[in-house]
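# Give the three-dimensional model of this entry:
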Amino acid sequence: MPPSSTIRFSLEEILRKKFFGLVQKFLETEKFMILVVDEVTARIIGSCTRLSDLIDAGFVAVQNIQKKRQQIEMPVLYFISPTVENADLLSKDYEYGKNYDKENQLGERLVATYTRAYVLFTSSLGMKLALDHLVKEERFLTSVRAMSEVFIQFETFESRMFLFNRPYALHDLLQADKQVIFKLLSDCSQKLSSLCVTLNERPNIRYRAPRNDSESEKYCKFIAQILQGDSKDRGDLDSMIKTLPKWKRRQNPGTLLIIDRGQDPIAPLLHEVTYQAALADWVDYKDNIIRIEEKDGKKNSYDLAETDKWWREFRHRHLTEVLTKLREQYEEFKTKNNVAGNLSKFSDPASWDSKDMLKKVRDYPAYREFARNYKKHFSILEQIFQKVKPLQKDALLLEQDMATGMGPEGGSVNSKGFIKRVLEVCQDPSICMLSKARVVMTYIITQGGISTKDKAKVFKYLDSRVVEAIKNLDRLGIHTGEIRSEFRFNRTKSHIAAIRSHLSKESRWAMQQWRYVPRICDTVKQMLDGELDKKHYPYIQEPSQETKIQRTTALSSRRKRQQTRGEDDGGERPRFIVFILGGVTMSEARSIYRLGKQYNVDLCLGSTEILTADEYIKCLAQGAIQRDANLKVVDKSAATLPTDHSGASLGDPDSSDMKDMWRSAKKDSAKATDL
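Numbers count the residues shown, from 1 in each chain. The predicted model follows:
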């Protein structure tokens with residue numbers, strides 16, 4: 001969907017412009033067309049545009065090629081993936097019929113589904129596929145007016161994120177089937193190539209170097225090699241560029257950094273307390289749509305797109321800060337809006353005078369819009385707090401202590417007491433199995449293993465399927481045996497510095513449950529500063545020109561004006577692309593957004609998929625846990641833990657310092673609903 005004009009760099013807008021640029025010439029000829037897509041291309045288009053935009057452009061209907069369709073006497077644009085199934089379905093739309101004798105013109109002749117056809121394939125069609133499935137259908141050849149390969153093989157997710165729609169990719173990477181792994185890695189290379197082509201980039205490619213000789217450590221290098229190619233064989237990117245004679249590379253070459261999930265195995269495990277990350281963790285949040293069940297039993301869906309100003313402002317902030325900001329926004333709005341400022345009088349028109357009436361009628365639409373947004377975000381926050389509340393006494397604080405090695409005030413913490421606290425979490429019947437597994441895994445990763453004695457104590461409180469996932473941590477290169485200091489999660493000096501910097505900037509909100517900074521933040525920051533170690537993150541080919549960053553703290557007045565208006569200054573700003581093989585977390589996305597803004601660069605992050613803790617553990621289980629299994633179920637008969645007010649930074653409605661805020665917010669939300 002089109003992002004807000006205040007967003008300067010937007011993958012959504014770039015992809016949207018490319019798609020409509022490709023179809024514009026067809027629409028100019030035909031005026032009105034049918035658009036036919038498959039499941040993959042439907043997601044691609046849906047990630048960057050709305051149905052209303054397609055209708056406004058001239059598409060009178062959007063149809064799925066894999067479903068039965070009625071004959072329509074109109075031209076059609078196919079935007080599909082070049083698969084055998086799609087090629088057969090495409091030719092079938094124009095077949096004469098099995099009972100028709102074409103030579104003697106006898107029998108029942110089928111009518112073509114559409115009059116004229118224009119075909120856009122997402123990637124290379126291939127000669128064999130064309131000859132075996134398309135060329136044989138004579139009527140298709142006479143009906144088709146244009147057919148081309150456009151190399152659009154990725155989805156966008158907000159302005160700075162791209163995805164390859166490969167759910168459970170980590171599951172495939174951790175198994176032993178080399179053919180499956182090779183196909184996945186090759187697919188990633190192809191899709192990265194299409195991303196680079198769309199961005200007019202032939203970037204300098206860096207990758208996370210193998211730490212040992214295991215095959216899984218070489219995946220990042222393998223993708224970099226087949227993407228870049230060498231003197232003997234052209235890489236996927238150059239092969240794609242060769243087919244595009246009008247393609248032009250940006251003058252300031254970007255940098256593509258390829259890393260894997262093993263770089264930071266902790267990030268997917270930690271319970272999150274920032275708005276968007278907590279949504280992904282706890283609520284039904286998919287494709288920027290959230291589905292929640294209200295207290296009255298009604299199920300509501302909310303669109304959380306970047307066109308929502310509050311969502312853009314709040315999504316990376318601590319939950320309590322979001323609630324605080326909502327109340328502040330409401331109080332400020334009451335001073336400016338005649339309806340919000342006096343709701344009691346507004347509900348009684350008899351008390352209005354003529355001036356009041358004009359002011360209130362004028363301000364009513366703005367109030368309704370404000371009220372809808374307020375209710376939406378308040379309802380979502382309520383859902384999250386209900387989920388997180390049972391964890392705030394022990395689990396969240398323990399996770400942060402283990403992940404950072406620091407206490408709430410930033411000082412060192414004694415790790416000897418960790419296992420006792422882990423055991424207490426595992427024994428707590430009010431905490432779901434998924435959360436228990438996350439705490440145990442965080443302990444094993446950060447402490448360099450777990451003793452046989454402690455393992456026996458902990459595992460008896462865990463589901464056997466979850467235990468299987470914990471044992472498979474070794475497939476990510478994590479030691480799961482007796483504790484050894486050399487296998488502890490390595491926090492580099494720069495990573496520790498990043499954590500301390502975060503604590504100082506977010507001291508009001510971060511001290512308790514938001515101390516850990518994903519390792520990608522430190523890695524990318526070093527890359528932007530030109531300090532990333534070339535030994536651990538080498539170039540696949542030493543660049544002739546590195547990505548240049550304007551190192552200045554002040555922008556010219558002209559650039560400031562452009563930035564305010566959201567304009568592009570020629571598209572030559574420094575550009576960095578980060579790809580995580582095996583899934584990306586929303587906490588990592590938060591880091592990328594902040595760094596992009598801090599350094600004033602075009603910085604984007606992508607992966608095979610958005611990875612939640614639930615999916616992470618199921619991937620590690622390697623089939624022991626079914627994908628539809630619910631690990632978040634809590635024993636409803638379990639006694640509720642006493643409220644610990646030291647955890648009030650989460651905004652617990654029962655905590656004394658938050659009670660008034662929640663009561664006021666609920667009243668405001670109720671008023672917005674009743675009016």
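# neighbours around the closest residue to D93 other than its chain neighbours, how many?
Nearest non-adjacent residue to D93, counting by CB to CB, 6 or more residues apart in numbering: T113, 4.0 Å away. Glycine gets a C-beta too; all of them are placed from N, C-alpha and C. Applying other CB atoms under 10 Å, we find 22 residues neighbouring T113.
# residue contacts, T113?
With contact set as CB atoms under 8 Å, 6 or more residues apart in numbering, T113 has these partners: R69, Q71, I72, V76, D93, Y94.
# any chance you could read off phi and psi for the fourth one?
Which is V76. When quoted as degrees, to the nearest 10, the phi and psi of V76 stand at phi -130, psi 150.
# how close does the residue lying closest to it once chain neighbours are set aside get to I617?
Leaving aside its sequence neighbours, V76 sits nearest to Y114 (CB to CB, 6+ apart; 3.9 Å). Y114 sits 47 Å away from I617, going by CB to CB, to the nearest Å.
# roughly how far is the helix or strand where Q400 lies from the heart of the chain?
For Q400, the host element (DSSP states H and E) is helix 395-404. Relative to its parent chain, helix 395-404 has a centroid offset of 24 Å by CA atoms, centre = their mean, to the nearest Å.
# Return the list of helices and strands in contact with that helix.
If you count contacts as 3 or more CB pairs under 8 Å, 6 or more residues apart in numbering; DSSP states H and E, helix 395-404 packs onto helix 418-427, helix 433-447.
# Of those, give the one that comes closest to D38.
Checking these against D38 by CB to CB gives helix 433-447 as the closest, at 33.7 Å.
# Quick one: mean pLDDT for the following helix or strand past that closest one?
Next helix or strand after helix 433-447 toward the C-terminus (DSSP H and E): helix 452-459. Regarding helix 452-459, the rounded mean pLDDT is 95.
# relative to helix 418-427, how tilted is helix 452-459?
Put simply, helix 452-459 runs at 20 degrees to helix 418-427, going by axes from the mean of the first three to the mean of the last three CA atoms, to 10 degrees.
# Nearest to T243 among the helices and strands packed on helix 395-404 would be which one?
If you check each of the helices and strands packed on helix 395-404 against T243 by CB to CB, helix 433-447 wins as the nearest, at 44.4 Å.
# Just checking the distance from the closest one to the centre of its chain.
Between the centre of helix 433-447 and the centre of its chain there are 23 Å (CA atoms, centre = their mean).
# Which secondary structure elements does it sit against?
Contacts defined by 3+ CB pairs under 8 Å, 6+ apart place helix 433-447 against helix 395-404, helix 418-427, helix 464-471, helix 613-621.
# Tell me the secondary structure at the closest residue to W282 other than its chain neighbours.
Distances taken as CB to CB, 6+ apart place K387 nearest to W282, at 4.1 Å, with adjacent residues excluded. The assignment at K387 comes out as helix when based on DSSP: H, G, I helix; E, B strand; the rest coil.
# Roughly how far does K387 sit from V273?
Distance, K387 to V273, using CB to CB: 11 Å.
# ok, back up a step: would JSON lines of the helices and strands packed on helix 433-447 with distance to K325 and mean pLDDT be doable?
Output for those, formatted as JSON lines (distance: least, CB to CB, whole Å; pLDDT from 0 to 100):
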{"stretch": "helix 395-404", "distance to K325": "21", "mean pLDDT": "91"}
{"stretch": "helix 418-427", "distance to K325": "31", "mean pLDDT": "94"}
{"stretch": "helix 464-471", "distance to K325": "37", "mean pLDDT": "95"}
{"stretch": "helix 613-621", "distance to K325": "27", "mean pLDDT": "95"}
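# okay, these in a markdown table with mean neighbour count and distance to G606 next?
Output for those, formatted as a markdown table (neighbours: other CB atoms under 10 Å; distance: least, CB to CB, whole Å):
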| stretch | mean neighbour count | distance to G606 |
| --- | --- | --- |
| helix 395-404 | 23 | 24 |
| helix 418-427 | 18 | 34 |
| helix 464-471 | 18 | 26 |
| helix 613-621 | 24 | 17 |
